[in-house]
Every structure is written in C-alpha cells, then in structure tokens.
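1. pasting the structure only:
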Ligand code: ADP
C-alpha cells in the first residue's frame, strides 16, 4: 500500500472518532448552557412569584389588623357602653369584616361574656357565644406573654371556618378579653375578589384551606412556577397561591424547547453516525475500486501482450521462410489472424468501456433486425470455437420484430458472451446461442455446460472490473469489463442482463432488448 494511502487511512481513523467526540462535546455544552440559562430564568421567575405571593398574603393580614386596630381604639373596657355606643355606631367601612365584638370577663373558673355588640343580631350570635366559651377559649393563647398583644385564632369548628381577633386588658384588678368575630364568608366573597382579582391578568391567585381545597379563585397548575404561602397572622390555616400567567407560558415553552433540544441533539447524533457510516462505506468502496483498477491495468497489459507476442513470433517464423509445408504456413497465418482479432476485440472493449465510464458512449439506435446481427456475431466466433473444439449452436426464430438497436453494440454484447463461454466453459463442449421473443422484449441467451458461477458471484460479475472466483482461481485471462459492457448495452436498449444456472451444470447469460411498440417483423 502506498504511504500516502496509509496516511490518509490513518487520518480517517483518527479523525472520525475526533469528529464524533467534538460533536458530542458540542452537544453536551450547548445542552448544559441552555439548561443552566433556563434554570436561572426559572429561578428569577420563582422569586418574582414568591414576592408577589408575600405581597398578596400581607395585604389581607394588613386589612384585618387595621380593622382590629380600629376596634381597639374604639373600646374602653372600663366603659361597657363603648362597645355598643362606640364601635357599633362607627362607620361600617372601617371594619367591614367584623361581625360582632364581645367583651369577656376572664374569671379563671368560669369566664363570662359581659358585653356583646353584634352587627346582625340573631340566633347565630348565641351559637357563637356558646362556641367561644366552650371551645374557642381553650384554643386561644391566653397565657402567652405579653398577654395584651393582639392575637388571632383561625380554626374550623363543625366544618365552619372561624377567624377571631382577641386581646386582653386589665381594669380594676380584673382580666378582660376583647374578641372581634370576623365574618369569614364575607372575607371570601367580598374581600378576596377585591384584593386578588387582578385586572391586568398578569397573575392568577387562589386561596386553599388546610386540606388543599380551593376556597377562592381558579385551580392553578401545580408546576414549578406556582408559589404558595400561608397567611402569616390572620387566616393562618389557609394559604395563598400565585402563578404568573407569563410563567405558565414560560413553563410550556421550557418544556417544548427542552424536548426540541433533545430531538435536535439526538438527530444530529444520528446524522453524524450516518455520515460516518457513509464515509466508511465510501472509503471501503473506493479502496476496493482502486485495487480492482490496478488489477485491471495489469490484466489488460497481459491480455495485450500475449496475442502480440504470438503475432510477432509467427510473423517472424513466416518471414524467415523456414516454414516447410503449405499447411503449416496457413495454420500460422490463421493464428496471426485470430490473435489480431482477439487483440482488436480487446481494444474495442476497452475503448467502449472507457467511453461508458466517461458517459460518452453514444448509441446509434436504428430500426433493424436483431436475429441477423446475432447470427453475424456468432459467425465471427466460429473459427475460434472450432479451434477450441466447442460446438456452437444457434437458434434464431423467424418473424422477430424489427427493433431500435445499435448494431455494433449488439454485436459487441453477443461476442463478449460467446467469448466468455469459450473461455470459461470450453470443457462443456457446446455453447448454444438462442434468440427468444416475448411480448415486451426480445431475449438473447448464451448457454454453456461449463463449471457455472458461484451464487455469490452472480450479481457482482456484472460490475466493472469484477472477476469471478473461477477466473481468479484458474488464472484465466481477462479484464473484468466484458459483462459490465453487456449490462450497459442491455440497459441502453431498455433491457436487463443477468445469469441463470443451468441444470445439471453450466450457466445461461441473458440480456433483453425492449420492443415496446408493435414493430414490423424481420424478413
Ligand atoms: P473477464 O472475462 O475479462 O474476467 P467479464 O466481465 O467478461 O470479465 O466476466 C466477469 C466474470 O464472470 C469472469 O471473470 C468469470 O469469473 C465470470 N464468467 C463470465 N462468463 C462465464 C461463463 N460462461 N462461465 C463461468 N464464468 C463466467
């Protein structure tokens, strides 16, 4: 192998893994970077959403605490009338969610309600009073210091959610508890819509209870872009969830892009692998072709040399005048003629083949007989067949259609097939050339009873430079272009060329010529 070829091969084998590696690294880096960027973006979106959720939760807490403060400023525990006269008479808009305010005397053994100011007096008030004394008081943080601080109790009793604000006061050595009863349904139906329904639709908000049931607002997707936060002080059993509408879109985009990137990376990997496979196959083919070509050059030189030396040897013999009998003289002359024929046939073949390779073999298609051409071609091989001791049989039916064909090319095809039969199958002792007519084509068949062709060689031998195992093993001279030419000629005539095995031995080479139209018949 030439040093250049070896270097190129080495380069290919080094380069290919490098290319794969580079593509792999590139894909990973791209994927990683875009993933990190996406993560950063997601993080900033989550942070923005969280601060929005904080703001929403704080807004409600503030609204309730402001009302509680208003109540505190109105009530004076030393004067029970301040409840009914002060807070109840005060404007409703100042404490819109407070339903009632109560004052309890915290007697350790039996606390009692000493004043009850209700916005909507009715049986519910009595129920609430009982609930407060029997259950709520137990749930309140009454001993935690500082006891006078404003506190909230958010609890569900009998499936109803209650929110009360409470704070303790002492007067004249007695402990009092002021309780503001907030109307939870009113908070849900009036306050939430007011403070959480965004007009700009940039975000969507809902409020869920401790069990995750929606108390207010639409259901939100539980993706990474929905952020929830419990209310800090007032409705602390509930949480407010916020999702940015743009974030939902973003989440979808992220998912879509991630999938697209995966597909792209996978596809480019596949393309690279396919490319490498194609390059490897092409390189292997190229190597095989160049080997075949150099074999071809050696074969052709040999094929040229042998008949030339024979012509020269017998020419010199004749020229020297040392040939005694007339019969010998004729024999030598015949050899010279035959070998020159072979020589010209070979040269013709090589030239035709070169034209085929360059795409320059122009066929001169003319309407004419086929049978006649086949007969003529076989006749040119008769002398050789006789010398080889092979009988040439010919079967051409009458009434064949006239065909559009190149007479010279057709003859080359037949001569090549007969020549091969004489070369590879002479021990079969007979070769039969037959022309058959079918509906859409005319078939030319050359059968021999020689060794036949190995099944794995049957397709291959029709490719340029390819020679069969039998030819190589038995060192039979040849160039490997004869059948390639036959195939090309058949295809140029709208036909095909192939080989069939014969029973019990030998092979039949067939090529067809299309006869699509109803052509007139041969005389
Ligand atoms: P060449 O004869 O110069 O090698 P061809 O293209 O004419 O090239 O033939 C290709 C191969 O087909 C031959 O090398 C031979 O192996 C095989 N072959 C062709 N004709 C016959 C035949 N009649 N019998 C057996 N083998 C054949």
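-> Sure thing, it's come through. Worth saying up front: this structure is predicted, and the values here are computed from it rather than measured. Numbers count the residues shown, from 1 in each chain.
2. which residues of the stretch 201-350 of the chain score low on pLDDT?
-> 201, 223-224, 247-248 (pLDDT under 70).
3. Show the residue spans covered by the strands in it.
-> 203-208, 214-216, 226-230, 239-244 (DSSP state E, counting those that start in this stretch).
4. Can you point out the buried residues in the third one?
-> Buried residues in strand 226-230, counting neighbours by 16 or more other CB atoms under 10 Å, are found at 226, 227, 228, 229, 230. Placement of C-beta: from N, CA and C, glycine included.
5. and the gap between the closest residue to residue 491 other than its chain neighbours and the ligand?
-> Spatial nearest neighbour of residue 491, excluding adjacent residues (CB to CB, 6 or more residues apart in numbering): residue 497 at 7.7 Å. Counting by CB to the nearest ligand atom, to the nearest Å, the separation of residue 497 from the ligand is 11 Å.
6. show me the contacts for residue 497.
-> Each residue near residue 497 by CB atoms under 8 Å, 6 or more residues apart in numbering is listed here: 462, 483, 486, 487, 490, 491, 509, 510, 511, 512.
7. one more time with 10 Å, if that's ok
-> By CB atoms under 10 Å, 6 or more residues apart in numbering, the contact list for residue 497 reads 413, 417, 444, 462, 483-491, 509-512.
8. Go back to those and keep what's next to the ligand.
-> Residues of the contacts of residue 497 in contact with the ligand (CB under 6 Å from any ligand atom): 483, 484.
9. Write a ChimeraX command that selects only the buried members of the contacts of residue 497.
-> Command for ChimeraX, covering only those of the contacts of residue 497 found buried under the criterion 16+ other CB under 10 Å:
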select :413,417,444,462,483,484,485,486,487,488,489,490,509,510,511,512
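10. Filter the contacts of residue 497 down to the ones in helices?
-> Among the contacts of residue 497, the members found in helices (DSSP state H) are 413, 417, 483, 484, 485, 486, 487, 488, 489, 490, 491.
11. For those, work out which two are farthest apart.
-> Pairwise distances across the ones in helices among the contacts of residue 497 (CB to CB) peak at 15.5 Å, for the pair 417 and 491.
12. Okay, the residue lying closest to residue 396 once chain neighbours are set aside and the ligand: tell me how far apart.
-> Spatial nearest neighbour of residue 396, excluding adjacent residues (CB to CB, 6+ apart): residue 371 at 4.2 Å. Distance check for residue 371 against the ligand: by CB to the nearest ligand atom, it reads 22 Å.
13. Just read off the phi/psi values of residue 371.
-> Backbone torsions of residue 371, given as degrees, to the nearest 10, read phi -50, psi -50.
14. Could I get the phi/psi values of residue 394?
-> phi -140, psi 130.
15. The one 4 residues further on now?
-> The phi and psi torsions at residue 398 (degrees, to the nearest 10) take the values phi -90, psi 160.
16. tell me which strands and helices the helix of greatest length in the chain is in contact with?
-> Criterion DSSP H: the longest helix present in the chain is helix 245-320. Using 3 or more CB pairs under 10 Å, 6 or more residues apart in numbering; DSSP states H and E, the elements in contact with helix 245-320 are helix 3-74, strand 203-208, strand 226-230, strand 239-244, helix 326-357.
17. which one of these lies closest to residue 503?
-> Distance to residue 503, taken as CB to CB, is lowest for helix 326-357 among these, at 30.8 Å.
18. In the closest one, which residues are buried?
-> So for helix 326-357, counting by 16+ other CB under 10 Å, buried means 332, 335-336, 338-339, 341-343, 345-346, 349-350, 352-353, 356.
19. Can it be said to contact the ligand?
-> No: shown here: helix 326-357 not in contact with the ligand (CB under 6 Å from any ligand atom), separated by at least 8.5 Å.
20. before we move on, back to that, can you confirm whether the longest helix of the chain lies near the ligand?
-> No: judged by CB under 6 Å from any ligand atom, helix 245-320 makes no contact with the ligand; its nearest approach is 7.1 Å.
21. ok and that helix relative to strand 239-244, angle-wise?
-> On the basis of axes from the mean of the first three to the mean of the last three CA atoms, to 10 degrees, helix 245-320 is oriented at 40 degrees to strand 239-244.
22. I'd like the numbering to begin with 289 instead of 1 from here.
-> Got it, first residue is 289 now, which makes that one helix 533-608.
23. ok now helix 533-608, how far from the chain's centre?
-> 24 Å (CA atoms, centre = their mean, to the nearest Å).
24. which other residues reach stretch 407-416?
-> Taking CB under 10 Å, 6+ apart as the rule, stretch 407-416 contacts 375-376, 380, 383-384, 386-390, 401, 404-406, 424, 445-446, 450, 452, 467, 469, 471.
25. Any of the residues you listed buried? List them.
-> The buried subset of the contacts of stretch 407-416 - by 16+ other CB under 10 Å - is 375-376, 383-384, 386-390, 401, 404-406, 424, 450, 452, 467, 469, 471.
26. How many neighbouring residues does whichever residue of the stretch 539-688 of the chain sits closest to the ligand have?
-> Closest to the ligand within the stretch 539-688 of the chain is residue 587: 7.1 Å, counting by CB to the nearest ligand atom. Using other CB atoms under 10 Å, residue 587 has 19 neighbouring residues.
27. Residue 687 too?
-> Neighbours of residue 687 (other CB under 10 Å): 9.
28. Assess the claim that it and residue 658 are in contact.
-> No: applying CB atoms under 10 Å, one finds residue 687 not in contact with residue 658, separated by 11.7 Å.
29. Which SSE is immediately downstream of the least confident helix or strand in the chain by mean pLDDT?
-> Within the chain, no helix or strand scores below helix 369, which has a mean of 76 by mean pLDDT, DSSP states H and E. Next helix or strand after helix 369 toward the C-terminus (DSSP states H and E): strand 386-393.
30. Each with direction, which strands does that next one pair with?
-> Using DSSP bridges, the strands paired with strand 386-393 are strand 400-406 (antiparallel), strand 462-470 (antiparallel).
31. what angle do that strand and helix 291-362 make?
-> Using the same axes, to 10 degrees: strand 386-393 against helix 291-362 is 60 degrees.
32. Farthest pair within the buried residues of strand 514-518?
-> Largest pairwise distance in the buried residues of strand 514-518, by CB to CB, is 14.6 Å, between 514 and 518.
33. Relative to the whole chain's centre, how far out is stretch 403-423?
-> Distance of stretch 403-423 from the chain centroid (CA atoms, centre = their mean) equals 70 Å.
34. Buried residues in that stretch, which are they?
-> Neighbour count says stretch 403-423 has 403, 404, 405, 406, 407, 413, 416, 417, 419, 420 buried, by 16+ other CB under 10 Å.
35. count of residues packed around residue 593?
-> With other CB under 10 Å as criterion, residue 593 counts 10.
36. try residue 719
-> 27.
37. Could you look up the SS state of the closest residue to it other than its chain neighbours?
-> Of all residues not flanking residue 719 in the chain, residue 709 sits nearest, at 4.3 Å (CB to CB, 6+ apart). Secondary structure, DSSP: H, G, I helix; E, B strand; the rest coil: residue 709 is helix.
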